[in-house]
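K.L.:
Sequence plus predicted model, see below.
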Amino acid sequence: MIQIHTRIRRLVASPNIVCRCLSVSAVTATSAGNKRKWFVDRTTGLVTSTSSDPNGDGDANTTASPTYQTIIGLEIHARLTACPTKLFSSSPNGAALSTSPAPNQLTSPFDLAHPGTLPRLSKTAVQHALLSTAALNCTINPVSRFERKHYFWHDLPHGYQITQQRWPIGGEGTLRVERGDGSGGGGADTKTKKKGGNQNRRSNANVKDVSYFDVGIDRIQLEIDTAKTTKSSSTSAGLSLINLNRAGAPLIEIVFAPTIRSAAQAADTVETVRRVLKYAGTCNGRMEEGNLRVDLNVSVAKVLVDGDEEDADFGGSSGSMDAVEAMYSHHLPRNVGPRTEVKNLNSLRQVVASAEFEAIRQAQLAEEYANNNKSEQTSQSPGKETRTFDPRTQRTVKIRDKGGAVDYRFLPEPDLPPVVLTSAVLGGHDTLQGFLSEHLSESPDSALERLMVEYRLDERAARVICADPEIVRMYESAVRAAAEELVVDQNTLRQSVGAQRDEFVQLARAVFNWLCNDLFGLWKGGIDVDTDGGNATIIDTTTVDAIRLGSLVAAVHDGTISTPMGKKILAVMYEEEPTLAPREIAEARGWKVITDADELRLLCQTVVNDPKNSKQMDQYRQGGRNVQKMSKFFLGKVMAASRGNAHPGLAAEALEDVMNEVDLR
């Protein structure tokens, strides 16, 4: 540990350094002539510090401070992007549109809080909230109620938010989260060109190392979104622009119990929620567009060792929990410090960076407060705050002191009745189970198992495909297109054995290779990849659809196109030809495989009789080891003369016949 700390110490040039190789963050602080460096382990969430000897008499970085444990609770705001309208009006839901509208175009009198306007609940939004709740493994309440959460802010026209704080549509549940590498994408919070992206972040690892942890969900509430505020760069300093297109959009807030203990766990939890909702078809999960936003609640608790007091006091705050903290007290250590909320995080990297910065900041404040109190000095006590994350500095910045739940003056929404799950709400189904059976899509785990069984993909390959439901659909459509072009009944082949079954497995694996290696490679090499955007972006941007990809695989499979030419054709389809089929491109550019015996024979004769190759032909006639060596030479010349289009096996046979005839002469 001493060596590791010394190594990181040389790297400290800014307040927050993320060292992915060591999976820690470091902060340097100076206090009372003693430089102290703080570290947080990304995987465990443990916060420690070391101090150098101010007099230079002892070894540096050998004095360890008490250790603190990071405590995290998440509030994930997921916009119901598949819902066509806003929650309480007929205005279009901007996230469901194919193009971005101009500011303040998607509004209605109710969205603008005009007097006398009344809300009208969207049945589709309720249904999508039910599907999301079921997909996240939470209980569904048969009766839920809306209420008003009062606060004044410029992005809230009504002066209150319609939500479900006390009577939510979704109750408690447990989410099974797959452990990732905890990097949140790594690097600075900007778009960078990365060859390889992050679609294999989990799947490239040894599948035997895949592990999971459980996170408790407290509730899922249906509510309206706020307007979007943008700092103006073209107007006077200090002005902000309000876009009301988002105001009133349907939103679910997923409130997690504070059972998360590290930045890595927080990022993995957000990624799992995003993936589950995308499979459910209720939210597209695009954090960069604000369709999935995270509020991070962070506190720290001192890890007690022998001799420590059982209840360490953080400036008296541990004994003064607000209503929210009291509700979750059974999840919290008794010596936990005050909670800080970091608002509106829109990437996994921001989640990781803000969690680590806050853990170190709060541990540092708590330690300074405790030490100064012992020496009867005054110091700043950690307090309950609302903060925001600055991507430029990688710091959190205080917005305001945090208020308790009583400040919001919750009251039942007088203009809306309770939401009762009747047959009309459930789309004609008499039971909730019947509605879910018809409309709830398969889960990521179910898709993984199905791909391994039906297509005989190994687990690594299946995990790559299952990274996004759009990729699953594209893969299966491409396999189907390839099978139809080859006049192969894929349903029959799935159930068959022997050679037929082997042919289908070979075709399915070929589609995987062309999709995940070649097509993804072109996509990643040609645009800037936001590692928080996921692979779904390729489905939206590429002109190579599943049918054309399947046709290309079929053409290679039946020998019409060689593999090298197939790669060229794929590049042409991706970059130049958005509509032509692979076989049409091959025909137009002369890239079809030459299999005609007469054409191959003529090609071989031309190469063998070329005066430029007379020396090599003389060596071939000498026999011995020269026969094999010169045969390879001439085959290479034949392939070059055909621009790689000659069928290698048939060309070798034709060349052997031609050279034997020459040898006889």
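P.N.:
All right, it came through fine. If you're wondering where the values come from, they're calculated on a predicted model, not measured in any experiment.
K.L.:
any idea how far Pro84 is from Leu121?
P.N.:
Plainly put, Pro84 is 14 Å away from Leu121 if you go by CB to CB, to the nearest Å. Just so you know, the C-beta spots here come from the backbone N, C-alpha and C atoms, and that holds for glycine as well.
K.L.:
do the same with Leu131
P.N.:
From Leu131 to Leu121 the distance is 16 Å (CB to CB).
K.L.:
Repeat that for Tyr212.
P.N.:
Distance from Tyr212 to Leu121, by CB to CB: 37 Å.
K.L.:
Please identify which of Leu131 and Leu121 sits among more neighbours.
P.N.:
Leu131 (22 against 17; other CB atoms under 10 Å).
K.L.:
Just list the residues touching the more buried one, thanks.
P.N.:
280-282, 436, 439-440 (CB atoms under 8 Å, 6 or more residues apart in numbering).
K.L.:
any idea which element Thr230 lies in?
P.N.:
strand 228-231 (DSSP states H and E).
K.L.:
same for that strand, what does it pack against?
P.N.:
Secondary-structure packing of strand 228-231 (3 or more CB pairs under 8 Å, 6 or more residues apart in numbering; DSSP states H and E): strand 240-243.
K.L.:
Name every strand pairing with the strand it packs on and say which way it goes.
P.N.:
According to DSSP bridges, strand 240-243 forms sheet pairs with strand 228-231 (antiparallel).
K.L.:
which residues of the stretch 151-300 of the chain fall in helices?
P.N.:
With helices called from DSSP state H, counting those that start in this stretch, the stretch 151-300 of the chain shows them at 263-280.
K.L.:
any low-confidence regions in it?
P.N.:
Within the stretch 151-300 of the chain, the stretches with pLDDT under 70 are 182-208, 232-238.
K.L.:
Helix, strand, or coil at the closest residue to Pro92 other than its chain neighbours?
P.N.:
Of all residues not flanking Pro92 in the chain, Leu106 sits nearest, at 5.1 Å (CB to CB, 6 or more residues apart in numbering). Assigned by DSSP: H, G, I helix; E, B strand; the rest coil, the conformation of Leu106 is coil.
K.L.:
Identify the residues contacting Leu106.
P.N.:
86, 91-94, 244-245.
K.L.:
now, among the residues you listed, which is nearest to Gly173?
P.N.:
Within these, the smallest distance to Gly173 is 25.8 Å, found for Asn93 (CB to CB).
K.L.:
Would you confirm that that closest one contacts Pro84?
P.N.:
Yes - using CB atoms under 8 Å, Asn93 is in contact with Pro84, at 6.0 Å.
K.L.:
A strand includes Gln69, no?
P.N.:
Yes - when three-state DSSP is applied, Gln69 is found to be in a strand.
K.L.:
picking up where we left off before, just the closest of the contacts of Leu131 to Gly623, please.
P.N.:
Looking across the contacts of Leu131 and measuring by CB to CB, the closest to Gly623 is Gly281, at 69.7 Å.
K.L.:
which residues pair with Leu411 across the strands?
P.N.:
Arg148.
K.L.:
The strand or helix carrying Val47 - which strands sit beside it in the sheet, and in what orientation?
P.N.:
Val47 belongs to strand 46-51 when assigned by DSSP H and E. For strand 46-51, the paired strands and their directions (DSSP bridges) read strand 34-41 (antiparallel), strand 63-64 (antiparallel), strand 68-79 (antiparallel).
K.L.:
highest average neighbour count across the ones you listed?
P.N.:
Of all the strands paired with strand 46-51, strand 68-79 carries the top mean neighbour count, a mean of 24, counting by mean count of other CB atoms under 10 Å.
K.L.:
Quick one: low-confidence residue ranges for the chain.
P.N.:
For the chain, the ranges with pLDDT under 70 are 1-35, 52-66, 182-208, 232-238, 306-329, 373-382, 403-406, 488-500, 525-538, 663-665.
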